[in-house]
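> give me the fold of what follows.
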Amino acid sequence: MKGTYILLIFIKRGVQIRIGALGKIYFKRGYYCYIGSAFGKTITIEKRVGRHLKRDKKSKWHIDYLLKNKNVKIIDVITFPNKKIECKIAKNFSKYFKGVKNFGCSDCKCNTHLYQVCKNF
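Down below sits the predicted model:
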């Protein structure tokens with residue numbers, strides 16, 4: 001199915017990672033949400049999330065660089081079938097959470113699609 005999804009990601013310890021053209025970014029330990037979508041001609045949420053779950057892949061998107069790191073793990077996925085609300089969710093998250101500037105939003109006008117939603121306690 002087509003739609004929007006949120007990856008709930010846990011970063012076990014603070015780590016600096018080179019994120020493609022964004023360069024090196026330091027990610028603090030904690031929980032993050034990445035908002036993405038799957039609306040391509042042959043792309044579905046299942047295929048896109050399945051790709052995100054693989055560690056051994058060519059890095060194409062910002063999220064690929066992050067998810068390859070051994071300290072980073074997807075712990076849950078929330079889907080919104082048939083809803084094109086990726087940017088709407090990102091804008092709402094920006095009211096409450098700190099985002100990683102320019103992450104995952106090169107094809108829209110959002111500031112980011114990755115937010116730290118909870119520091120590990």
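> alpha carbons only for contacts and neighbour counts from here, please
Will do.
> how about V77, nearest residue that isn't a chain neighbour?
Counting by Cα to Cα, 6 or more residues apart in numbering, the nearest residue to V77 once its immediate chain neighbours are dropped is L7, at 4.7 Å.
> strand partners (parallel or antiparallel) of whichever strand or helix holds the one you found?
Assigned by DSSP states H and E, L7 belongs to strand 3-11. The strands beside strand 3-11 in its sheet (DSSP bridges) come out as strand 30-38 (antiparallel), strand 72-81 (antiparallel).
> what's the first helix or strand after the last one?
Past strand 72-81, further along toward the C-terminus, the next helix or strand under DSSP H and E is helix 86-93.
> same thing with the shortest one?
Using DSSP H and E, the helix or strand that directly follows strand 30-38 along the chain is helix 45-53.
> tell me the spacing between the residue most central in space within the chain and K41.
Compute the mean C-alpha point of the chain, and by Cα atoms, centre = their mean the closest residue is Y34, 2.8 Å away. Remark: distance between Y34 and K41 (Cα to Cα, to the nearest Å) = 22 Å.
> I75 now?
Per Cα to Cα, I75 is found 28 Å from K41.
> which one of the two has more residues nearby?
Neighbours were counted for I75 and for K41 using other Cα atoms under 10 Å; I75 has more, 10 against 7.
> how about F10: what's its closest non-neighbour residue?
In space, F10 is closest to Y31, 4.6 Å off (Cα to Cα, 6+ apart).
> likewise I43?
K2 (7.2 Å).
> what's the burial count for that neighbour?
22.
> next, give phi and psi for it.
When read as degrees, to the nearest 10, the backbone of K2 gives phi -90, psi 160.
> would you mind writing the CA trace of the helix or strand bottoming out on mean pLDDT in the chain as CSV?
When the helices and strands of the chain are scored by mean pLDDT, DSSP states H and E, strand 114-119 comes last with a mean of 92. The C-alpha coordinates for strand 114-119 follow below in CSV (Å, rounded to 0.1, in the frame of the first residue of the first chain):
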residue,chain,number,x,y,z
LEU,A,114,14.0,13.6,11.7
TYR,A,115,13.3,14.6,15.3
GLN,A,116,14.7,13.6,18.7
VAL,A,117,11.5,12.9,20.6
CYS,A,118,12.9,11.6,23.9
LYS,A,119,16.3,11.6,25.5
